[in-house]
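1. compute the structure for the input listed below.
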Amino acid sequence: MALSGKLTKKLVENAGAGRHGDGNGLYLVVDPSGARRWIVRVVVKGQKNKTGAPLRTDFGLGGADIVTLNQARERALEYRRMAKQGLNPRFNARQEIPTFEEVAQQVHIDRMPTWKNAKHGQQWINTLRDYAFPKIGRMPIDAIDQPEVMMCLAPIWTEKHETAKRLAQRIKTVLDVARSKGFRSGENPVTAIKDAQALPKVKAKPKHHKAMHWQAVPAFFADLKTRNAMAAKALMFTCLSGSRTGEVLGMHWEEIDFDTKLWTCPAQRMKSGDDHRVPLTDEMLAIIEPLRAMQSEYVFEGQKRNKPLSNMSMLMLLRRMDVEGVTVHGFRSTFRDWASEVANAPREIAEMSLAHQVGSNVERAYARSDLLDKRRFLMERWSKYASGATATVVPMKKLGES
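-> A predicted model of the protein is given here:
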């Protein structure tokens, strides 16, 4: 039989700001912002507060958007019964076990400040939304074990292996957080599944970005020079700098030091999470210096004022040029092949030019230099080759010397 009181479902939905009593110590509190929550006021039998008066305490019962009126009445009744027995509900109330989705959403909110960018954070929760919530989202977090995790992972383990691995890691994180908050106990089922090798081994085929042969770059670059589109200028700069698309398109003028011929790409746009200094060659400067007259926030402005060029613009340009089997990112591989095959560049210099980490953690801890001067020499040779200023390249044996 449902409990009764003064409030109705309609009143709960439409009541204005303030405290609205239902009776027997239950109140609906409506904040000025419109947020609605339940509280219950009880007097604990035989217990006194600091002044010696009967211990009267308010307890939150949850938001009205989650806890229904009848649920609030039932919880309020439970609290009043404990108080009449001399039990303080703060220490004796039955703990509500949240669902997997509730914990996951809270983990996502708590970690928002740590995401590298908003897109990464959204991808994190979207993976769970698409593959976990439909199957285990409404289950109590303490009821999830290996069979439930397998329901999520098994259907996509071989067909979408990379996604499945990310899903497993994110489920594990949610369950670990739940355990730290006292909602679970025992071993994490994701760890148990991995240790038991319950899922088949999948040999992931490496996917490389399709790259242009370095021999074809001068002719391609010459074609780009004849085009006035902003995408052409961005693609030329991307090709010469060996940078990633997002790093180039997000470039602001304040990141560039024209006196020292340096572009410092900030950590938030770098895959490594560290600032990266890019030496600017004469050919790169010839591309960007005329763009200063636009007085835009971005070096490569898009169709909207003070907005960057679309991240698809350079790829679409390649298609309009009928350049088949090549991606924008692939020009990094083109540069790397040229640096190895033609320039004879030491591995660490070529890799650092691409903002790749070189060596172990210990080696990187002792290697304080980013080899800027040697990288500048390499990038100058590459710029001259790519732009057609020279047909041959001086071997870089000297770069390996101390």
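2. and what about residue 55, helix, strand or coil?
-> Put simply, residue 55 is strand when judged by DSSP: H, G, I helix; E, B strand; the rest coil.
3. domain ranges for the chain?
-> 9-92, 100-195, 214-400 (automatic domain parsing).
4. can you name every helix or strand that the top helix by length along the chain contacts?
-> Across the chain, the longest stretch assigned as helix under DSSP state H is helix 161-180. Contacts defined by 3 or more C-beta pairs under 8 Å, 6 or more residues apart in numbering; DSSP states H and E place helix 161-180 against helix 100-110, helix 118-131, helix 146-153, helix 189-195. Where C-beta positions appear, they are placed from N, C-alpha and C, glycine not excepted.
5. alpha carbons only: can I get the helix or strand that comes right after the longest one in CSV?
-> Heading C-terminal from helix 118-131, the first helix or strand you meet, by DSSP states H and E, is helix 133-136. Taking only C-alpha atoms (Å, rounded to 0.1, in the frame of the first residue of the first chain), the coordinates of helix 133-136 have been written out as CSV:
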residue,chain,number,x,y,z
PHE,A,133,25.1,0.7,-20.7
PRO,A,134,22.6,-1.2,-22.8
LYS,A,135,23.6,-4.5,-21.1
ILE,A,136,24.7,-3.7,-17.6
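6. can you list contacts of helix 133-136?
-> With contacts defined as C-beta atoms under 8 Å, 6 or more residues apart in numbering, helix 133-136 is touched by 100, 101, 104, 144, 148, 149, 151, 152.
7. distance to residue 355 added to those residues, as CSV?
-> What follows is the contacts of helix 133-136, written out as CSV (distance: C-beta to C-beta, whole Å):
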residue, distance to residue 355
100, 38
101, 37
104, 33
144, 40
148, 41
149, 36
151, 40
152, 35
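8. how about those residues, which pair is most distant?
-> In terms of C-beta to C-beta, the contacts of helix 133-136 reach their longest pairwise distance at 104 and 151, which sit 15.7 Å apart.
9. those two: who's more crowded?
-> residue 104 (27 against 15; other C-beta atoms under 10 Å).
10. what's the separation between the more buried one and residue 148?
-> 14 Å (C-beta to C-beta, to the nearest Å).
11. just residue 217 next, same as before
-> Note on residue 217: its distance to residue 148, by C-beta to C-beta, is 53 Å.
12. I'd say residue 340 and residue 353 touch.
-> No. At 11.6 Å, residue 340 and residue 353 do not qualify as touching, with contact defined as C-beta atoms under 8 Å.
13. which one's more surrounded, the two?
-> More crowded of residue 340 and residue 353, by other C-beta under 10 Å: residue 353, with 27 against 14.
14. check what pLDDT the closest residue in space to that one that isn't next to it in sequence gets.
-> Setting aside the residues directly before and after it, residue 353 is nearest to residue 375 in space (C-beta to C-beta, 6 or more residues apart in numbering), at 5.0 Å. Per-residue pLDDT puts residue 375 at 94.
15. look up how far residue 349 lies from residue 375.
-> For residue 375 relative to residue 349 (C-beta to C-beta), the value is 6 Å.
16. residue 196 now?
-> Relative to residue 349, and taking C-beta to C-beta, residue 196 is found at 45 Å.
17. so which of those two has more stuff around it?
-> More neighbours surround residue 349 than the other of residue 196 and residue 349, with 20 against 9 (other C-beta under 10 Å).
18. need phi/psi at residue 198.
-> Dihedral pair for residue 198: phi -70, psi -20, per degrees, to the nearest 10.
19. sorry, slip of the keys, the one I care about is residue 145.
-> phi -130, psi -160.
20. I'd say it and residue 189 touch.
-> Yes. At 5.1 Å, residue 145 counts as touching residue 189 under the criterion of C-beta under 8 Å.
21. once you drop chain neighbours, what's closest to residue 40?
-> Residue 40 sits nearest to residue 76 (C-beta to C-beta, 6+ apart), 4.0 Å away.
22. from what I see, the one you found and residue 24 are in contact.
-> Yes. If you go by C-beta under 8 Å, residue 76 and residue 24 touch, sitting 6.6 Å apart.
23. low pLDDT regions in the protein?
-> Along the chain, the parts satisfying pLDDT under 70 run over 1-2, 90-96, 116-117, 204-209, 359-368, 390-402.
24. just checking, what packs against the lengthiest strand in it?
-> Longest strand in the chain by number of residues (criterion: DSSP state E): strand 36-48. Applying 3+ C-beta pairs under 8 Å, 6+ apart, one finds that strand 36-48 contacts strand 26-30, strand 54-63, helix 69-84.
25. all strands of the stretch 251-400 of the chain, in order?
-> With strands called from DSSP state E, counting those that start in this stretch, the stretch 251-400 of the chain shows them at 256-257, 262-265, 276-279.
26. find the centremost residue of this protein, please.
-> In the chain, the centroid-proximal residue (C-alpha atoms, centre = their mean) is residue 120; its distance is 2.0 Å.
27. how near is it to residue 127?
-> Computed as C-beta to C-beta, the residue 120 to residue 127 distance reads 11 Å.
28. and if you look at residue 58?
-> Counting by C-beta to C-beta, the gap from residue 58 to residue 127 is 39 Å.
29. compare those two (neighbour count), which wins?
-> residue 127 (18 against 11).
30. how many neighbours does residue 89 have?
-> Counted with other C-beta under 10 Å, residues neighbouring residue 89 total 20.
31. before we move on, the earlier item: give me the more crowded residue out of residue 145 and residue 189.
-> The neighbour comparison of residue 145 against residue 189 (other C-beta under 10 Å) goes to residue 189, with 19 against 15.
32. that one - nearest residue in space that isn't next to it in sequence?
-> Excluding its sequence neighbours, the residue lying closest to residue 189 (C-beta to C-beta, 6+ apart) is residue 146, at 4.3 Å.
33. same thing with residue 291?
-> residue 299 (5.9 Å).
34. any idea how far the one you found lies from residue 257?
-> Computed as C-beta to C-beta, the residue 299 to residue 257 distance reads 13 Å.
35. tell me which of the two has more neighbours.
-> Set residue 299 next to residue 257 and count neighbours by other C-beta under 10 Å: residue 299 wins out with 25 against 12.
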